[in-house]
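In: Let me see the structure of the following:
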Amino acid sequence: MQHFPIFLDLKGRTVLLSGGGEAAMAKLRLLMKTEAHLVVFAPEPSDEIVAWAAQGLLALHPRALAPADLPGAALVYAADEDAARDTRTAELSRAAGVLLNVVDDLQNSQFITPAIVDRDPVCVAIGTEGAAPVLARAIKRDLEERLNPRLGLMARIGKAFRAAAEALPEGRPRRDFWSDYYFGEGLVALDAEGETALPAALDRMLDRHLASETSAGRVALVGAGPGDPELLTLKARRLLDTADVVIHDRLVPQEILELARREAILVDAGKQGFGPAMTQEEINTLIVRHAQDGHHVVRLKSGDPGVFGRLDEELDACDAAGIEWQIVPGLTSAAAAAAGIGQGLTRRGRNSAVRLLTGHDVKGFAEHDWRALARPGEVAALYMAKRGARFLQGRLLMHGAAPETPVTIVENASRPDEQVIATTLAALPATLESGDVAGPAILLYGLAPRARATAAAPAPARSETTLKEFA
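Out: Numbers count the residues shown, from 1 in each chain. Prediction:
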């Protein structure tokens, strides 16, 4: 991030602008929305700028900017649309130590003016470091359509009520109150009765929130999907945006964690196979403790929380502590891995069922019906099975599976560094030993990658999937 976004208080401060043409007018239309004292230097100002000066919206000097004009200024805009004049303004600004923007010249500017969605006092600023102004304008247009035009009105009335709302405890109780105002009862009152109904609605809401019991904590056990942030469900995204505490697995990528509310506490409860790990009992204790403190806890699990995610153990801990909970399913890694190789987990005429197995250790395999899985056409997705691959191979071959049965190893399914390795049951252990498979991997037993030549469309640009073939 080269340009750090801030909101600068310009009330009563001086902003200087050199220029009198189209570029100057474009900046002035924006600056006149502020409470700054605007001073324009233009030997040949446009009629519009002259009219604005006559209305008292700015001070106009029909001359060039001079060194004596700069002391005390907060910002300077060079908008003469002439290289020599803009360079002179830039030199004067730098000499005086005043922040400078040269219109349409990112390299010589010390700050940039973002695209702005104005719902005063709500203001959304959009910047692209000058790389894509068209994109910034497109985002602005999209936000203009999405944001309620009366959002500024609600914010102005709500701002006057903030002192009264401080009667509520800090943290979640106040956030719940303001959420109710902006997205619940307050919005309903505005739609039904208009602006005059908002003060009374705020009073009713405050009385109700003050009378309610202390905000109770609750837990959402949320599936983060296989890793691609675009595969996160809308419900999971919303819960992350409102969470007080996020307790996450090791496999949840940073791109998804960054979607959490910025003030949320992030707790890494990751488990690494055969390495350092937080015990399940410790995780249960963390979940319960934070919920009992009144927090809204998101227990964020890679894939789907109900597929080898020890979901029931964490639910049992919540039940024992009397904590409210909900489950938000996620896309399991097996589905993403199958999609990555262009196959369905089931197929008419081939298999009407699919098995999901865990192979973290041989205990996960001990009681399985190997004879049924060894039949031709059967399909299984094996999680955490890299270390148990030789045991898996031995059991299947012992029960009659064909050595040439396809097995596909999908590492980092759905992520930019996804890797697909096609092999057979006979070669599976050797393939894993010789291949560079360091990340989390799913073994798709009974499935081979669909031939790339039959693909209906090229892979997305973000994909860096590699395919290795082993004899």
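In: Mind listing what's buried along stretch 321-339?
Out: 321, 323, 325, 327-339 (16 or more other C-beta atoms under 10 Å). The way it works is simple: take the backbone N, C-alpha and C, and place the C-beta from them, glycine included.
In: Ok, stretch 168-180 next?
Out: 168, 172, 173, 174, 175, 176, 177, 178, 180.
In: Now do the contacts for the fourth one.
Out: The contact partners of residue 174, by C-beta atoms under 8 Å, 6 or more residues apart in numbering, come to 165, 166, 168.
In: Go through these and name the one nearest residue 438.
Out: Nearest to residue 438 among those: residue 168, at 49.5 Å, using C-beta to C-beta.
In: In a strand, the closest one, correct?
Out: No. Assessed with DSSP: H, G, I helix; E, B strand; the rest coil, residue 168 is coil; it does not lie in a strand.
In: The closest residue to it other than its chain neighbours in helix, strand or coil?
Out: Spatial nearest neighbour of residue 168, excluding adjacent residues (C-beta to C-beta, 6 or more residues apart in numbering): residue 174 at 4.8 Å. Secondary structure assignment for residue 174 (three-state DSSP): helix.
In: Let me know the closest of the contacts of residue 174 to residue 443.
Out: residue 168 (52.7 Å).
In: where does the stretch 351-471 of the chain have low pLDDT?
Out: 360-367, 452-471 (pLDDT under 70).
In: would you list every one of the helices in it?
Out: Remark: helices assigned in the stretch 351-471 of the chain by DSSP state H, counting those that start in this stretch are 370-373, 389-398, 428-434.
In: Tabulate these in a markdown table, adding columns for distance to residue 67 and mean neighbour count.
Out: Formatted as a markdown table, the helices of the stretch 351-471 of the chain follow (distance: least, C-beta to C-beta, whole Å; neighbours: other C-beta atoms under 10 Å):
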| stretch | distance to residue 67 | mean neighbour count |
| --- | --- | --- |
| helix 370-373 | 84 | 15 |
| helix 389-398 | 76 | 18 |
| helix 428-434 | 72 | 17 |
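In: Can you lay out the ones you listed as a markdown table showing distance to residue 30?
Out: Output for the helices of the stretch 351-471 of the chain, formatted as a markdown table (distance: least, C-beta to C-beta, whole Å):
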| stretch | distance to residue 30 |
| --- | --- |
| helix 370-373 | 67 |
| helix 389-398 | 62 |
| helix 428-434 | 60 |
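In: From the recorded domain assignment, give the ranges for the chain.
Out: 14-113, 151-211, 218-331, 334-469 (automatic domain parsing).
In: for these, which one sits closest to residue 135?
Out: Across these, closest to residue 135 is domain 14-113 (C-beta to C-beta), at 14.1 Å.
In: Span of that closest one from start to end?
Out: 17 Å (C-alpha to C-alpha, to the nearest Å).
In: And stretch 284-304, by the same measure?
Out: 18 Å.
In: What residues sit buried inside that stretch?
Out: 284, 286-288, 290-291, 294-304.
In: what's near enough to touch the residue nearest to residue 268 when sequence neighbours are not counted?
Out: Spatially, and ignoring its direct neighbours in sequence, residue 268 is nearest to residue 248 (6.4 Å; C-beta to C-beta, 6+ apart). By C-beta under 8 Å, 6+ apart, residue 248 lies in contact with 224, 257, 266, 267, 268, 269, 270, 300, 301.
In: Would you show me how to pick out the buried ones of these in ChimeraX?
Out: Only the buried entries of those go into this ChimeraX selection, using 16+ other C-beta under 10 Å:
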select :224,257,267,269,270,300,301
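In: which of the contacts of residue 248 lies closest to residue 239?
Out: Using C-beta to C-beta, the contacts of residue 248 come closest to residue 239 at residue 300, 9.0 Å.
In: Could you look up the SS state of residue 117?
Out: strand.
In: Quick check: bridge partners of it?
Out: residue 124 (DSSP bridges).
In: check contacts around it.
Out: 123, 124, 126, 140, 143, 144, 147.
In: re earlier: among the buried residues of stretch 284-304, name the ones in helices.
Out: Among the buried residues of stretch 284-304, DSSP state H puts 284, 286, 287, 288, 290, 291 in helices.
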